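Colleague: Any chance you could fold what I've pasted below:
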Amino acid sequence: MSNQMNRASWMSERFWRRSRLAQSAALLGVLALAATGTFAVEEASRVVGNGLGGIFSTTPPEDLSAEEFAKLDGNWSEWSKGTAEAVTDFYAKLETSDAATQRKSLSNLKIKQDVMRRALNDSRYDSLRGPLTSLYNSLTLRIDFAEAALDTLDLDGKQIAASKTRVRSSSLLSSIQNLENYLASVGNGSLWLTYFHIPELKSALSADPEGPAGLAAAAKTQMHLMTRNTALDASQKAFTNHGTFQSLSSTLDQYVAAVRWTNPAEATEKLRADLKSLSTALDTYASSGEKAGELRDSFARARYDAPDNGDRLASTLQKHLFNYNLRVLVSEAFLNRLMSQNRVEQGPVNDFILGANVYGNQITNTAVDVDLKPSSNTVRFEIRLNGNINSNTQGVTPQATVYTIGNHTFNARKEINFDGQTFSTMPATIAVSPRNTTTGISTQMSGIPIIGRIAQRIATDQVEAKRGEAESIAAGRVQDNVLPRFNQDVDRSFAEQGDKLNREVFSGLRATKLFPDTYNYQSTDQLMTMNARVMSPHQIGGDLPDSRLMSVTGATALVHETALNNAIDQMDLAGQTVTEAELKAKIEAFLTKALNRPYKFQAETPVEATDEDEKALNGIIFAAVDPIRIRVTNDELTIVIRAGFKQEGKEDIPTREITVPISLEAAGNQILAKRGNVIVAAAEGQGGGVAINAVVRKKIQSVLPDRAVDSKIEIKTPEKIVISHVTKIKLVDGWLVINID
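Modeller: Okay, here's the model as predicted:
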């Protein structure tokens, strides 16, 4: 609503200025005559309102500075220096070049970009992978965004708006009809139509949806809708926020945005201002990871004012800023470590087959494993049950006893699909290969010369004649015994696991607003992939990671810094004042809620402060915006804390910006976290000097010492506990990559 109010205020200001046009003309003439010759030359050389001039900065952002390119040293020194100069030249000439020239410069930068892309795919340059990846991603983001902005500015807004306005007008009339139907069922409901000037709006839309009368009527209704939450009492406010009013407000905004482009000069001026704000916010966020909310707000305004609803901008930012920020890849071999199992069961045989009472015993060996299948929108796999039944029986009839060894193999399969929340199962199938081997036959005549042999031969012939039927019956017995139980066991197991997943895992994530706002599960014949994005409407997501980071032998988890920062935001630390103990308790409570089980930090011997000033620090005053930010750069995870401190008996320490670099390494059976040099500086606009910074630095060093933790991971399944280890940790351009054996 604030955006709409600002827009209304801006439009009113323009009207005020226009009404004094005649008065202003004389003043402008005097100012023009008084202008210096230098001013005239500068204005003549500047291409006003063309291309990216006035939208992008005239200097490269920090993450594309010459200092960053200098990190590509050695054999790359000359190339990186030339590329830094090309980037600087592109930004410096934006004010004096037109769109066509800017596109040509972008094409030249794409050549540099392609060199970096090729190097990233070449193992010979692995030593430079960190800085090379960062620079490549930063440059790619700016090239893609520049082209998207130019494409958006090049659109024929008036032509697009004409078509769009007709569609939006139709939608608006439909919303009006829905509102009229709703209010007809409410006593005196028609009075609200008059209050919001609906009859005039409906009449203007019907007469000429693209004309100024339609826009004027829409603006009047829009203004009244925007003020309903402040001008009305509580009951009226609740009533006018019914879904039909909300729908009318939404379609009205879309209509106004479209019809505004019937005045392309004014609309383009507003769009350029939006793009400038978006470019500034983008550079701030890309360089520091801060002010994500400002970036989202700028993007929303640009989308609202762009003739294509910002589709070109959205396509670019989706790839770089709104992509998945959590990715988990699990190999089929690793899944089988978790889910495979072997069983041995033995028991008696007591049956009646082909007129014979069959007695004996059998041993059943079964093995369960997982077979992944390709699927683009689910994890699809089969549970396979491979078994072997060895039996030793005797079949007894009045005429003979037949001794048989059975060796029956079977293979049962049941397909499972997981869409991220629910397991669905298909009916199982089974194939049986029966095999009976007769090891002996005895008859009542056995032992009697000649007659015994004749009886033996007759019995043998009868057994052989019925072998096919007997094996078919054996296969049927196996199927009848195995298939229903297999179906029931798998259905029950996955129903229980799905319920447990929702109760014990997802419920906690939802309660703490950490459940992904979008996700995708997929599989190939060798790999299961989970992609998720943890992001609210005021946060930022991840980018597309280097494909080489997603190589998998066991399991790999890729966590983007935005997933960590977005989770930190949900702790509501911004603007809070807490003691160290309160902060610890707050984090424990949050994790307990998120994990849906008790969580406590491991008890440690506290480090006693030796400095009196350090002892006096008894409270943390977190900044109102971005109090804690995680940055993942090349081989380092950096914690940036923006906070002041309370001091016992002294004035509060103003807000400091504290930077704590931490290296992470999987070494043997441990994960080593080593803290680097802590940097403390005054936040923008805050006081305090070297002595204060030193006190804060000592405090941070005492609470964040080097640590070593066990790399072992215990994964509990319904059948067993699987022990794995973290084998490697990589920190590359925003991504924390964890490899598990």
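Colleague: How many residues are close by W735?
Modeller: Other residues lying near W735 total 22 when counted by other CB atoms under 10 Å. C-beta here means a position set from N, CA and C on the backbone, and glycine is covered the same way.
Colleague: ok, it touching T562?
Modeller: No - counting by CB atoms under 8 Å, W735 stays clear of T562, with 10.2 Å between them.
Colleague: can you tell me which residue is nearest the centre of this structure?
Modeller: R533 (1.5 Å; CA atoms, centre = their mean).
Colleague: For the helix or strand encompassing S442, buried residues please.
Modeller: Counting by DSSP states H and E, the element that carries S442 is strand 436-443. For strand 436-443, burial by neighbour count (16 or more other CB atoms under 10 Å) applies to N436, T438, I441, S442, T443.
Colleague: quick revisit: so in terms of bridging, what pairs with the residue nearest to the centre of the chain?
Modeller: T518 (DSSP bridges).
Colleague: if we can go back for a sec, for the buried residues of strand 436-443, which one is nearest S493?
Modeller: N436 (33.1 Å; CB to CB).
Colleague: so who does the closest one touch?
Modeller: T404, I405, G406, R467, A470, E471, A474 (CB atoms under 8 Å, 6 or more residues apart in numbering).
Colleague: one more time with 7 Å, if that's ok
Modeller: T404, G406, R467, A470, E471, A474 (CB atoms under 7 Å, 6 or more residues apart in numbering).
Colleague: Please tell me how far the fourth one sits from Q570.
Modeller: So that's A470. Separation of A470 from Q570 (CB to CB, to the nearest Å) stands at 67 Å.
Colleague: And those two? Which one has more around it.
Modeller: Between A470 and Q570, counted using other CB under 10 Å, the more crowded position is A470 (23 against 16).
Colleague: Just say helix, strand or coil for P718.
Modeller: coil (DSSP: H, G, I helix; E, B strand; the rest coil).
Colleague: From R337, how far off is it?
Modeller: Noted for P718: a distance of 14 Å to R337, by CB to CB.
Colleague: which of these two has more neighbours?
Modeller: Legend: neighbour count by other CB under 10 Å for P718 and R337, higher for R337 (19 against 10).
Colleague: Just say helix, strand or coil for that one.
Modeller: Three-state call for R337 (three-state DSSP): helix.
Colleague: Report the secondary structure state of the residue in the chain sticking out farthest from the centre.
Modeller: Distance from the C-alpha centroid of the chain, by CA atoms, centre = their mean, peaks at P449 (85.1 Å). Secondary structure assignment for P449 (three-state DSSP): coil.
Colleague: Which residue ranges of the stretch 601-741 of the chain form strands?
Modeller: Ranges of strands in the stretch 601-741 of the chain, per DSSP state E, counting those that start in this stretch, are 617-622, 628-632, 637-647, 653-667, 670-675, 679-682, 707-710, 712-716, 721-732, 735-740.
Colleague: How about the contacts made by N325?
Modeller: Residues near N325 by CB under 7 Å, 6+ apart: R533, V534, M535, G541, G542, H560, T562, A563.
Colleague: Would you mind finding the longest helix in the chain?
Modeller: The longest helix of the chain (DSSP state H) is helix 467-500.
Colleague: so where's the stretch 501-650 of the chain uncertain?
Modeller: 603-615 (pLDDT under 70).
Colleague: Show me the contacts of N325 that map onto helices.
Modeller: Filtering these for helices - DSSP H - leaves T562, A563.
Colleague: tell me which of the contacts of N325 is nearest to S247?
Modeller: M535 (25.6 Å).
Colleague: I'd like to know how many residues surround the closest one.
Modeller: M535 has 23 nearby residues by other CB under 10 Å.
Colleague: Now for A431: which residues touch it?
Modeller: F410, N411.
Colleague: pretty sure it is in a strand, no?
Modeller: Yes - counting by three-state DSSP, A431 is part of a strand.
Colleague: Any figure for the gap between it and V482?
Modeller: Counting by CB to CB, the gap from A431 to V482 is 11 Å.
Colleague: picking up where we left off before, most neighbours, which of the contacts of N436?
Modeller: Busiest of those [other CB under 10 Å] is A470, holding 23 neighbours.
Colleague: so where's the protein uncertain?
Modeller: Ranges of the chain meeting pLDDT under 70: 1-49, 157-163, 261-263, 444-447, 452, 455-456, 459, 603-615.
Colleague: Can you tell me the SS state at L544?
Modeller: Following three-state DSSP, we place L544 in the coil state.
Colleague: So what's the residue count around it?
Modeller: Count around L544 with other CB under 10 Å applied: 12.
Colleague: Please name the residues that touch it.
Modeller: K319, N323.
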